[in-house]
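1. Could you look at this predicted model? Sequence included:
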Amino acid sequence: RHLAETNFKNGGIFLEKYIARARHVEVQIFGNRFGEVAALGERDCSIQRRNQKVVEESPAPHLPEHVREEMFASAKRLAAETGYRSAGTVEYLYDPESLAFYFLEVNTRLQVEHGVTEEVLGIDLVEWMVRESADELKEIHSLVRGPVGHSIQARIYAEDCLQDFRPSAGKLDKAVFTENARIETWLRDGMTVTTLYDPMLAKIIVTGRDREEAIDNLIRALDETRIYGITTNLFYVQELLKEEEVRDGHVYTQLLNGFQPSERAVEVLDGGIQTTVQDW
């Protein structure tokens, strides 16, 4: 206050609560032109690096039911007040110590992680958006059921995790994705990946009867995936999913700050015409 008064002749200050292990939890909403709004479950997107999401899942682990219901009610009130139509996401910062949550923002679009919501709810949000645009989506509450099982997804990035996550670029020789997952990607063999765009190459989405099985399925799916020609975070995410805090569901937004797995890797500094590097 003294500094503010001295420099700006105004001692007013803002105070923000510090949350040591904050979580990023978001609620999927959907509204139609008839004034109906629905909360379609929640997603935990706490595993982030530099505020960029890496792993997302639904339902959110260790979220008390009364907190979940309060989040849903909050999101629905906001959607109803604004006459919201189509798909959107209400994002919250959640403090697991006080069980309090705080509004962050509304993303007025379909998000990258919408697939995990679709997997556990058995719906197609893109179909809903098309039907809503044609005024065909009515009584949406009758189309919503509770989540079945658990879904989790990993974002595959073109980045070198051993070199401070610097962007990776070059010709993609071949991409081999597992058949035991839902794969959403734009990759094609022989194409060139540049540093001019977002580094996300693919989303790998799996489901399981519970969270533990879903994590095991994702580790297996990542292990069965190969991307040749450029460096990716495949190994990084596999090792992350084996961490105790992740396995136990005690995730938070700063979790990755101290995570740096050791990887047996070869870095090609200067490849010659008679040099080949193969998998072993």
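-> That came in fine, so what should we check first?

2. Just give me the residue closest to the centre of this structure.
-> Among the residues of the chain, the one closest to the centroid is residue 56, at 3.5 Å (Cα atoms, centre = their mean).

3. Tell me the spatial nearest neighbour of that residue, not counting adjacent residues.
-> residue 113 (3.9 Å; Cβ to Cβ, 6 or more residues apart in numbering). Any C-beta I mention is one placed from the backbone N, CA and C, and that applies to glycine too.

4. where's residue 54 relative to residue 216, distance?
-> Residue 54 is 18 Å from residue 216, where distance means Cβ to Cβ, to the nearest Å.

5. could you pull out the strands for the stretch 101-250 of the chain?
-> Along the stretch 101-250 of the chain, counting by DSSP state E, counting those that start in this stretch, strands occupy 150-157, 159-160, 166-167, 170-171, 174-176, 182-185, 192-193, 200-208, 226-228.

6. quick revisit: neighbour count: residue 54 and residue 216, which is higher?
-> Comparing residue 54 with residue 216 by other Cβ atoms under 10 Å, the one with more neighbours is residue 54, at 21 against 14.

7. got the contact list for the nearest residue to that one once chain neighbours are set aside?
-> Leaving aside its sequence neighbours, residue 54 sits nearest to residue 47 (Cβ to Cβ, 6+ apart; 5.1 Å). When contacts are counted by Cβ atoms under 8 Å, 6 or more residues apart in numbering, residue 47 touches 53, 54, 55, 56, 240, 246, 251, 255, 256.

8. what's the closest of those to residue 167?
-> When those are compared for distance to residue 167 (Cβ to Cβ), residue 54 wins out at 15.6 Å.

9. hmm, back to that, please tell me the pLDDT value assigned to the residue nearest to residue 54.
-> On pLDDT, residue 47 comes in at 97.

10. Then residue 254?
-> Confidence for residue 254, expressed as pLDDT, is 95.

11. what do you get for residue 278?
-> Looking at residue 278, its pLDDT reads 68.

12. quick revisit: any idea which of the contacts of residue 47 has the most stuff around it?
-> Among the contacts of residue 47, residue 56 has the most neighbours (other Cβ under 10 Å), with 28 neighbours.

13. Please, which helix or strand holds that residue?
-> Element membership for residue 56 (DSSP states H and E) is strand 52-58.

14. ok, and what's touching the helix or strand following that strand?
-> Remark: after strand 52-58, the chain's next helix or strand is helix 65-82, criterion DSSP H and E. Residues outside helix 65-82 that contact it (Cβ under 8 Å, 6+ apart) are 25, 27, 29, 31, 35, 37-39, 42, 59-60, 84, 88, 90, 92, 94, 99, 101, 103, 106.

15. The helix or strand where residue 88 lies - contacts with which helices or strands?
-> Element membership for residue 88 (DSSP H and E) is strand 86-95. Using 3 or more Cβ pairs under 8 Å, 6 or more residues apart in numbering; DSSP states H and E, the elements in contact with strand 86-95 are strand 23-31, helix 65-82, strand 100-107, helix 125-133.
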